[in-house]
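Peer 1: Quick check, what structure comes out for this input:
(one chain, ligands or ions: 1)
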Amino acid sequence: MSPHILKTRPKIGIKMLEHMTQMNGAIGIRQGAGQKNAAIGIFHVWYVTFDLARQARMIYSIPMSTIEILNPHQIWERIQQKNNAFQAGYYAFYSSWYGGIVKDPHFLMCPLDDHMVHRGDAVFEAIKTVGRQVFLLDPHIDRLFVSAEKIGLKPRWSKAAIKDIILQTLKAADKSETLIRLFLSRGPGGFTTNPYDPAGTELYIVITELKLLPAMKYQAGVHIGRSEIPVKETWMAQVKSCNYLPNVMMKKEAVDRKLDFTVSFDRDGFLTESSTENIVIVDQEGVITQPELRNILKGTTMTRALDIAKASGKQIAHRNLTEKDLVSAKEVMMIGTTLDVLPVTKYENHIIGDGQVGPVAIWLKSQIEADFKKGVAF
Ligand SMILES: Cc1ncc(COP(=O)(O)O)c(C=O)c1O
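Peer 2: So this is what the prediction gives:
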C-alpha cells in the first residue's frame, strides 16, 4: 500500500472540501466550525475506505472496467492512434512473417510466440549506411551466419538472398544515412525453450534513422569506467544473440554513473569490451593493440580499422590487456558501427595520455570514414 497516496490524497480532498465550504459561505450558506470538522472527518473516512478498495483492486489486478474483446478493425484503429514521436525515425520494415516490406511504422510487429521475443533465441546485426552505401555489408552478414551456426540456427536464406532483401528494403526506405537492424530468429511456435518447436526461422529487417554522437565527444574524448556486470564468457560473447541483458545492464550502469561507457574485465582480469563497442589501446611503444578475442565479440569495425592500420605499415598487436595497460596507454579508443573510432580521454579517475585526443584515434577515424565510399551502393 502506498503511504504516499494515503498521506497526500486526503489532504488534497480536505483542501477541496475547505474550498467548497468557503464557497458555500460566499453564497450565503453558513456553517459552524464543528460542522466543518465533522464534514472533513466524514470525507477522510470515506476517502481512506475508497483508497483502500482502489489499492486492493490494483494489488489483485482487478480491472476497473471489463476488458473488451477486440475485433481486427478496432485493433487497427487503436494501433493507428499510437503516434509516438520515435516512430518518425522508422523508415521501412521487412518481415518474412508478413512476406514483404511495410513503410507504416505501426506495422513494426513480431509475433509474441516467436522465440526471439520470449527467449532471446535469435541472432542479429546492426549495419550502417552512409551516402547511400552499406558499410561492411559482407563482414556483417558473415558474422550473422557465424552466430547462427554457433546456436544451431539454420537460416532459410542464403547470404546472397539476405543481401538482396536488405538492399530492397533500403530502396523502399529511400534514405541515405540509416541504421539497418537485422534479426534472424528461430521463429514462432511452441512457446517453450525447445528450439525444435518453431515451424521455421524468420527474418526481420528494420531500417531506422542513424543517430550519431555529438561532434564534441570526438573533439574532447569520452569518459569511461569499469563495469561491475559479469562478462559473457567465450561462447556467449562470440554469438551476437538477442540475449543482450548483460549488455543492457552495462549501458544502464554507464548512464546511471553519468559515464559515456563502461568496459568489462573477465575473471582473469583481462580487458574485454563495452556494451556494444570494442576497445583498443595504443601502448607506450605506439603499438595499436586490441584485447585477445576470447570473451569478446569480434567487431567488424575494429577488425577493419586494424587491417587498415596494418596495411599502412602501423604496428598492431592482439594480446591480453590489464587495467594497468589501459591506465598507462598513450591512447584509448572505443570502436563500433555507429561511433566509428571514438577517443577516450578518461578512465575512472585516470587521465589517458595527456588528456587530449590522440593522433592515432584521429587518423583511424579518418581512414574508416574514407572506407565508407567502398560500401555497397543501393
Ligand atoms: C558486444 C559488442 N561488441 C562489439 C561490437 C562492435 O561491433 P561492430 O564494429 O561490428 O559494430 C558490438 C556491436 O554491435 C557489440 O554488440
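Peer 1: before we move on, what SS does M334 have?
Peer 2: Following DSSP: H, G, I helix; E, B strand; the rest coil, M334 is assigned to strand.
Peer 1: For it, name its beta-bridge partners.
Peer 2: When assigned by DSSP bridges, M334 has beta-bridge partners I279, L342.
Peer 1: State the number of residues packed around it.
Peer 2: Look at M334: counted by other Cβ atoms under 10 Å, it has 28 neighbours. (Each C-beta comes from the backbone N, C-alpha and C, glycine too.)
Peer 1: Just give the closest residue to G190, not the sequence neighbours.
Peer 2: Once flanking residues are discounted, G190 sits nearest to D197: 2.6 Å by Cβ to Cβ, 6 or more residues apart in numbering.
Peer 1: How about S96?
Peer 2: S96 sits nearest to L203 (Cβ to Cβ, 6+ apart), 4.4 Å away.
Peer 1: check contacts around the one you found.
Peer 2: For L203, the contact set (Cβ atoms under 8 Å, 6 or more residues apart in numbering) comprises Y94, S95, S96, P155, R156, W157, I162, I165, L182, F183, L184, S185.
Peer 1: what about S147, is that helix, strand or coil?
Peer 2: helix.
Peer 1: Give me the neighbour count for it.
Peer 2: Around S147 there are 20 residues (other Cβ under 10 Å).
Peer 1: Now do it against the ligand, distance only.
Peer 2: 11 Å (Cβ to the nearest ligand atom, to the nearest Å).
Peer 1: My guess is that residue contacts C242. True?
Peer 2: No. Contact criterion Cβ atoms under 8 Å: S147 and C242 do not qualify, at 10.0 Å.
Peer 1: Next, show the common contact partners of the two.
Peer 2: Joint contacts of S147 and C242 (Cβ under 8 Å, 6+ apart) are V123.
Peer 1: Point out the residues in the stretch 101-250 of the chain that sit beside the ligand.
Peer 2: Within the stretch 101-250 of the chain, the positions adjacent to the ligand are A126, N247 by Cβ under 6 Å from any ligand atom.
Peer 1: Show me the helices in the stretch 101-250 of the chain, by range?
Peer 2: Remark: helices assigned in the stretch 101-250 of the chain by DSSP state H, counting those that start in this stretch are 115-119, 137-150, 159-173, 215-220, 234-238, 245-256.
Peer 1: Please name the residues that touch F135.
Peer 2: So F135 contacts I127, K128, T129, T337, D371, F372, G375 (Cβ under 8 Å, 6+ apart).
Peer 1: Try it again at 6 Å.
Peer 2: Each residue near F135 by Cβ atoms under 6 Å, 6 or more residues apart in numbering is listed here: K128, F372, G375.
Peer 1: can you count the residues close to the first one?
Peer 2: So the one you mean is K128. K128, neighbours per other Cβ under 10 Å, totals 24.
Peer 1: wait, it sits on L339?
Peer 2: No. Counting by Cβ atoms under 6 Å, K128 does not reach L339; the two are 10.1 Å apart.
Peer 1: Look at A329 and give its secondary structure.
Peer 2: Classified using three-state DSSP, A329 is coil.
Peer 1: now it, nearest residue through space, not along the chain?
Peer 2: I281 (3.9 Å).
Peer 1: Could you pull out the helices in the stretch 251-378 of the chain for me?
Peer 2: Using DSSP H, counting those that start in this stretch, helices in the stretch 251-378 of the chain cover 300-311, 323-327, 359-371.
Peer 1: could you say what helices and strands the first one packs with?
Peer 2: Identification of packing neighbours for helix 300-311 by 3 or more Cβ pairs under 6 Å, 6 or more residues apart in numbering; DSSP states H and E yields strand 316-319, strand 331-336, helix 359-371.
Peer 1: what is the orientation angle of that helix with helix 359-371?
Peer 2: 110 degrees (axes from the mean of the first three to the mean of the last three Cα atoms, to 10 degrees).
Peer 1: Now do helix 300-311, average pLDDT.
Peer 2: For helix 300-311, the mean pLDDT works out to 98.
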